[in-house]
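[1] Okay, predicted coordinates and the sequence, questions at the end:
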Amino acid sequence: MKFKKIAAMLCVIGASAPALATNGYFSHGYGIKAKSMGGVGIALPQDSLAAATNPAGMAMVGDRMDFGLDLFSPNRTATWTGAGNPINGAYATVTPGDYKSGKNLFAVPEFGYTKMLGWDMAVGVAVYGNGGMNTDYGKIAIAGATSNTYSNLEQLFIAPTFSWRVSKDHSIGVSLNMVFQNFEARGLESFDNVNHSQYVGSVTNRGKDTSRGLGLKFGWTGQVSPGVTLGATYQPKTKMSKFDKYKGLFAQAGSFDIPETYGLGIAVKSGDKLTVAADIVQINYGGIKSLADNGDKFPAIAGTKLGAENGSGFGWGNQTVFKIGMTYQYSADLLLRAGLNHAKTPLSSTQTFFNILAPATVENHLTLGATWSLADKSELSLSYMHAFEKKVTGVSNGTGGCVGAGMGCPGAAVAVNGHPVDLKMNQNALGIAYGVKF
C-alpha cells in the first residue's frame, strides 16, 4: 500500500511541476534544505532530495520521506532602446520601452523517498523540477509578429536511485534520470518563413509539445578526515526526443538535450553547532546547439536558418556555478541555514534579441532557511531565495546584411539594423518542506 501511495504522489507531482530556474535555466539547488544554503549538497546530504544533487548521499540520510513546495517569483523585463527592426521586408517595428513579462508566481513541488536495505545500501526516488524558463509579455515584443510573445519550457526529473556505503565513511550512488520536457511558443511569426526557418509551419503557435529521455547521474561522497567530507558528481549529456512541433525553431530539427554537468563539493563540521559547505558545478550549455549557437543576427543573414543542423540559437556559453552555505544548530529543535550562489549569466550583450524568450540574466543569489524538529521523527523546513537584479545591455547586433526589399540595398533588399534590446531579471522564492523519518 505504501508504494501505491508513493506512485500516486509521483503522478500528481509530475503533472503539476512547472520548473523555473536561476543558474541559466537550471535550479540553484534541489530540496528545500539545499536551496536555503545556496544550493549546496554534493558533500552534505540532508534529506531524500539529496539524490538530485548527489546520488551517493541517499545512503547517508536513512529511511525518510520528504515533500516540498517552492513558490517562485521571477520578474523579467525586455527593454527596446530603439525601434524594432524590419523583418521579412516588412516595416513593422515595436515601440521603444519596457516590455514586462506577466505570470510572476509559480508553484514548484518536489518529493523524495529513501529506504535503507540493511546498514550499507539504500534505494529511493527523487522527483524535482530540474529547470526551465517562462516569458509571457501579454503584447507583441518581436517586430512583425501577429500574436503576443510567449514561451514556456519545463523540465521534470524522476530519478530512481541506488546508493551503497562501500565503507563506514564512503558511499557511491547512481540515479536513472527519467526526464520529461514541455515547450510552447507563440508570437514568433516573423521567423516562420523560408527566409528564416528550415521547417516553415513548425516555428510558433503549435501548442504544447513534449519530449522524453533517459540519462544517468553518478556520485561519490566520503569523510576524508574528522569533520571533513568531500563529494563528486557527474551527469553525462542526456539525449532527448525532439520537439517535432517546433523543429523549425530549435537547431537540429527540434533537438533540446539536457547539458552535461559535473561538480565537486566539500563540507567542514566545526564543533557540534556549525557546518560550512561549498560546491562548484559546471553546466555545459555550450554542448547543446539549440542553446549555444549564435542568435546575434537574423538567421538568413547568418546563413544558419532556424531548425537547421547549425541553426541559430540563444548564444549561451558554459556556466560555472559557485555555491557556499552554512548550518548552525541554534537549539536542540532549531537548525538555521544561509548561503550564497554565484554564476555568470550564460548570455552576452550580443545575444539579447533572441533571449527575449529566455532572459537568464541573474548572477548572485542570497538564501536563508531553517528546520524545526517536530514530534514523531518529523520536521518542518523553510527557505528563502533572492536573486539580485542583473541587467544585460544589448548592442545593435545583426548589422551588415540585407533582406527583403528597399532601403538602398543591392537589388531589392532591406538593411538589417540590429536589435537594441536590454534584458533584466530579479527573483524571489519561498519554500516549505515536511520530512518524516521512519
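    Cool, the structure landed. The structure displayed is predicted, hence computed values, not measured ones.

[2] now the helices for the stretch 151-300 of the chain?
    Taking DSSP state H, counting those that start in this stretch as the criterion, the stretch 151-300 of the chain carries its helices at 251-254, 289-292, 299-302.

[3] The second one packs against which elements?
    With contacts defined as 3 or more CB pairs under 8 Å, 6 or more residues apart in numbering; DSSP states H and E, the packing partners of helix 289-292 are helix 251-254. Every C-beta, even on glycine, is put in place using the N, C-alpha and C of the backbone.

[4] Could you pull up the mean pLDDT of the helix it packs on?
    For helix 251-254, the mean per-residue pLDDT is 96.

[5] what's the answer for stretch 169-185, then?
    Throughout stretch 169-185, pLDDT has a mean value of 97.

[6] Tell me how far that stretch lies from the chain's centre.
    With CA atoms, centre = their mean, to the nearest Å as the basis, stretch 169-185 stands 13 Å off its chain's centre.

[7] got it, and stretch 216-223?
    21 Å.

[8] if we look at it, which residues are touching it?
    Contact with stretch 216-223 is made by 42-43, 45, 54-57, 60, 159, 169-177, 229-236, 265, as judged by CB atoms under 8 Å, 6 or more residues apart in numbering.

[9] In strands only, show me the residues you listed.
    159, 170-177, 229-235, 265 (DSSP state E).

[10] from these, which would you call buried?
    159, 170-175, 177, 229-233, 235, 265 (16 or more other CB atoms under 10 Å).

[11] what about stretch 183-203, how long is it end to end?
    The first residue of stretch 183-203 is 12 Å away from its last residue (CA to CA, to the nearest Å).

[12] Please read the previous query as pertaining to stretch 279-288.
    Length of stretch 279-288, first residue to last, CA to CA: 24 Å.

[13] wait, doesn't residue 370 sit right on residue 337?
    Yes: using CB atoms under 8 Å, residue 370 is in contact with residue 337, at 6.4 Å.

[14] any idea which helix or strand comes after the worst-scoring helix or strand of the chain on mean pLDDT?
    Lowest on mean pLDDT, DSSP states H and E among the helices and strands of the chain sits strand 414-415, with a mean of 40. Per DSSP states H and E, the first helix or strand lying C-terminal to strand 414-415 is strand 421-437.

[15] Okay, now the sheet partners of that next one, with direction.
    strand 64-80 (antiparallel), strand 378-392 (antiparallel) (DSSP bridges).

[16] Tell me which of the ones you listed sits most buried.
    Among those, strand 64-80 has the highest mean neighbour count (mean count of other CB atoms under 10 Å), at a mean of 21.

[17] Check which helices and strands the next helix or strand after it is in contact with.
    Scanning forward in sequence from strand 64-80 by DSSP H and E, the next helix or strand is strand 97-100. Applying 3+ CB pairs under 8 Å, 6+ apart, we find strand 97-100 packed against strand 64-80.

[18] Quick one: mean pLDDT for the strand it packs on?
    Mean predicted lDDT for strand 64-80 stands at 95.

[19] What of stretch 120-135?
    Mean pLDDT, stretch 120-135: 94.

[20] same check, this time on stretch 374-384
    Averaging pLDDT along stretch 374-384 gives 95.

[21] Convert the C-alpha atoms of that stretch to PDB, please.
    The C-alpha trace of stretch 374-384 is given here as PDB (Å, rounded to 0.1, in the frame of the first residue of the first chain):
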ATOM      1  CA  LEU A 374       8.800  18.100  15.500                       C
ATOM      2  CA  ALA A 375       7.300  15.200  17.300                       C
ATOM      3  CA  ASP A 376       7.200  11.700  15.900                       C
ATOM      4  CA  LYS A 377      10.500  12.000  14.000                       C
ATOM      5  CA  SER A 378       9.200  14.700  11.700                       C
ATOM      6  CA  GLU A 379      10.500  18.100  10.800                       C
ATOM      7  CA  LEU A 380       9.500  21.300   9.000                       C
ATOM      8  CA  SER A 381      11.900  23.300   6.800                       C
ATOM      9  CA  LEU A 382      11.600  26.800   5.300                       C
ATOM     10  CA  SER A 383      13.800  28.500   2.700                       C
ATOM     11  CA  TYR A 384      14.000  31.900   1.100                       C
END
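
[22] Now for residue 78: which residues touch it?
    For residue 78, the contact set (CB under 8 Å, 6+ apart) comprises 98, 99, 101, 137, 141, 352, 356, 359, 421, 422, 423.

[23] What strand or helix carries the fifth one?
    Meaning residue 141. Per DSSP H and E, there is no helix or strand for residue 141.

[24] tally of neighbours for it?
    22 (other CB atoms under 10 Å).

[25] Per-residue pLDDT of it, please?
    Residue 141 is given a pLDDT of 91.

[26] And the last one, by the same measure?
    What the model reports as pLDDT for residue 423 is 95.

[27] where in the stretch 251-400 of the chain is pLDDT low?
    For the stretch 251-400 of the chain, residues meeting the criterion pLDDT under 70 lie at 298-302, 396-400.

[28] Would you state the strands of it in chain order?
    Along the stretch 251-400 of the chain, counting by DSSP state E, counting those that start in this stretch, strands occupy 261-270, 274-283, 319-331, 334-343, 364-373, 378-392.

[29] Tell me which residues are up against the second one.
    Strand 274-283 is contacted from outside by 23-24, 26, 37, 39-44, 53, 259, 261-270, 318-329, using CB under 8 Å, 6+ apart.

[30] From the chain's centroid, how far away is stretch 192-199?
    That offset, for stretch 192-199, works out to 28 Å (CA atoms, centre = their mean).

[31] ditto for stretch 311-328
    With CA atoms, centre = their mean, you get 9 Å for stretch 311-328.

[32] in that stretch, what counts as buried?
    For stretch 311-328, burial by neighbour count (16+ other CB under 10 Å) applies to 311-319, 321, 323-327.

[33] Near residue 208, how many other residues are there?
    Neighbour tally, residue 208, other CB under 10 Å: 11.

[34] so it sits right up against residue 182, yeah?
    Yes: assessed by CB under 8 Å, residue 208 is found in contact with residue 182 at 5.7 Å.

[35] Closest one of the buried residues of stretch 311-328 to residue 121?
    Checking the buried residues of stretch 311-328 against residue 121 with CB to CB, the nearest one is residue 327 at 26.7 Å.
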